[in-house]
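Chemist: Sequence below, structure please.
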Amino acid sequence: MTSTEPEIADCRLAQWYRLERLWLICLSFAFSLVHSFVQGQTPTREQLTGTWIGVHSEWDTDFFCPLPTYIQLDTDSVYHLGMVDGSATELTSTWAVNGDLVRLDTIHFAPHLIKLQDDLLSIGTNYPMVFCRFKDISIDSASTYRHLTGHVWQSDNLTIFLYDNGQVSLENPTSKQHTSHFWRLAKFGQSVFLVIRGNQYNRDSGYKPLWQINTVSPKQIQAVGWNGCAVAMETFQLVRNILPGESSRPSGFQTCDNCFQAMWHEAPLSRSPKRYEINRVFTKHYQPVNQAGQSGLIRIQFVVNCEGEQGLFDLHSFGEDYCPKTFDCQITDQLVAICRAHVAMDPSLRMPEKTDARPQDISVSLTFRLKNGRLIDILP
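Modeler: The predicted structure is shown next:
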C-alpha cells in the first residue's frame, strides 16, 4: 500500500506534520501485519464509537513517546484525527468495521491489531498506540488556571512547579531530578487538559504526557493521565507557593526533545566526510598507553542537545574475543575527554540537515580499535 503525505502549506503546521508522519509510520508497522490474521476478538462498532485521547506510543517495553492526539469515531462513520491542544487542523475521513476488520481512513486492521481493554484502546502490535476513552468533565479553565499557577503540586509519582510565566518544572519526588518545559491549559469539549511541552529553551519541541483535570479544590487537584506505570487518577496536593525569583532550570543535562532516543538524529561521524577530521583529532590528542593486553574495542556514545550542551555519556568496551572487558582508565579517560572537548563541541554537529529546519538533539557513537594501548582505527 502506498500513501501520499498531505502538503503542509502553512509553516505553523510543521510540528503537526512531523507528528502526523510519526502516526503514519506507526500505522504502517501495524499494517505490515494485516495479512497475518492473528486470532483475536475485534471490538464491535458500538465499542469503538466515541472519542479517544492519546496516551503514548510504545516503542519498547520501557520506552514510551507521549501521544497528544485524539481520535473521534462518530456513529455516522466519520473519522476525526486531531491534536488535543488544537495546535493543528483536524483531519477528517471515514471509518468502518467489516466483519473482523477495522478500517481507519484507508488502513485496514486485521483481527488482534486493535484491542480494547476496559477504557484503553490499543492500535497495532509492534509499536502500539494507546488511547484512553474520553469522558467529558466540565471545568472552568480560567478559574483552574488561577488556581494552578504560581504553585507547587505533588503526587506520589510527580512534583509539578507551575510558574506564572508559562514555564514548568517536572520533578521526580524520589530522585529530586527535574526537567524544564512550558505549560498551558487547553480546552477540549467542556474539559480542561494540562498540556506540557517544549524544553528549557522553547515551547516548540515534543510533548509530555497529557493530564485531564477532573476536580479542583483549594488544597488539591485530581487529574487523569499516564503516571509512568498506568493511566490513573492522580491526586496532587498543594505543597507551597513558588517564591519570587524562582526559575525553572533542569537539575542536569536535558535533551531538547521529550521523546529521547527514538527521536534523536544520529550522527555517523566515522561513516561521513568528517571521518578524516575525526581521525586527525584523535591522532593529535590521544597519547598511547603502551601496555600489553590493552587490546579490543571501546564504544563511546553521547548526546549533544540543540543548544550544544553535552551529556548522557555511555562507554562499553570489549576484548579481542568480543567479550566485555575493562580497559585501563588512562585509555578510557583520554578518549572520553577528547570526545567532550573536541567532538561534542564541533558546531557542525548542530547544523540542521535543511536550512529551514531547527537544530535538534544529536546522538553520537564512536567505536575505537586498540592494540596494546595504541589507537589503530576508528570503526565505521
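Chemist: okay, now Arg240: neighbour count?
Modeler: 10 (other CB atoms under 10 Å). For glycine as for every other residue, the C-beta is placed from the backbone atoms N, C-alpha and C.
Chemist: For it, list each beta-bridge partner.
Modeler: Beta-bridge partners for Arg240, by DSSP bridges, are Val152.
Chemist: How about stretch 224-233, which residues are buried there?
Modeler: Neighbour counts using 16 or more other CB atoms under 10 Å place 224-227, 231 of stretch 224-233 among the buried residues.
Chemist: Stretch 63-76 now?
Modeler: Buried-residue list, stretch 63-76, by 16+ other CB under 10 Å: 64-73.
Chemist: swap in stretch 195-202?
Modeler: Neighbour-count burial for stretch 195-202 [16+ other CB under 10 Å]: 195-200.
Chemist: Inside strands: which ones of those residues?
Modeler: Mapping the buried residues of stretch 195-202 onto strands (DSSP state E) picks out 195-197.
Chemist: picking that back up, dump the buried residues of stretch 63-76 into JSON lines; add pLDDT as well.
Modeler: Output for those, formatted as JSON lines (pLDDT from 0 to 100):
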{"residue": "Phe64", "pLDDT": "82"}
{"residue": "Cys65", "pLDDT": "87"}
{"residue": "Pro66", "pLDDT": "92"}
{"residue": "Leu67", "pLDDT": "92"}
{"residue": "Pro68", "pLDDT": "94"}
{"residue": "Thr69", "pLDDT": "95"}
{"residue": "Tyr70", "pLDDT": "96"}
{"residue": "Ile71", "pLDDT": "96"}
{"residue": "Gln72", "pLDDT": "97"}
{"residue": "Leu73", "pLDDT": "97"}
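Chemist: Please, where are all the strands along the stretch 151-300 of the chain?
Modeler: Shown for the stretch 151-300 of the chain, the strands assigned by DSSP state E, counting those that start in this stretch span residues 151-154, 159-162, 167-171, 178-188, 191-197, 211-217, 220-226, 231-241, 265-267, 296-304.
Chemist: who's in contact with the residue nearest to the spatial centre of the chain?
Modeler: The centroid of the chain falls nearest to Cys259 when counting by CA atoms, centre = their mean (1.3 Å). The contact partners of Cys259, taken as CB atoms under 8 Å, 6 or more residues apart in numbering, are 65-66, 206.
Chemist: Tell me the spacing between it and Leu113.
Modeler: 23 Å (CB to CB, to the nearest Å).
Chemist: ok so, going back, quick one: which of the buried residues of stretch 224-233 is nearest to Ile123?
Modeler: Val231 (15.2 Å; CB to CB).
Chemist: For the nearest residue to that closest one once chain neighbours are set aside, give the beta-bridge partners.
Modeler: Counting by CB to CB, 6 or more residues apart in numbering, Val231 lies nearest to Cys132, which is 5.2 Å off, once chain neighbours are set aside. Following DSSP bridges, Cys132 is listed with bridge partners Ile53, Leu120.
Chemist: didn't Cys132 look like it was pressed against Asp119?
Modeler: Yes - proximity of Cys132 to Asp119 meets the contact threshold set by CB atoms under 8 Å, at 5.9 Å.
Chemist: Dihedrals phi and psi, Ser143?
Modeler: Dihedral pair for Ser143: phi -70, psi -30, per degrees, to the nearest 10.
Chemist: actually Gln330, sorry about that
Modeler: Torsion angles, degrees, to the nearest 10, at Gln330: phi -60, psi -30.
Chemist: What sits closest to it if chain neighbours are left out?
Modeler: Closest to Gln330 by CB to CB, 6+ apart is Val289, at 4.8 Å.
Chemist: which ones are touching that neighbour?
Modeler: 328, 330-331, 334, 373.
Chemist: Please type out the ChimeraX selection for whichever of the residues you listed turn out to be buried.
Modeler: Filtering these down to the buried ones (16+ other CB under 10 Å) takes a single ChimeraX command:
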select :331,334,373
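Chemist: Closest one to Ser363 out of the contacts of Val289, please.
Modeler: Gln334 (22.0 Å).
Chemist: so the closest one sits in a helix?
Modeler: Yes - under DSSP: H, G, I helix; E, B strand; the rest coil, Gln334 sits within a helix.
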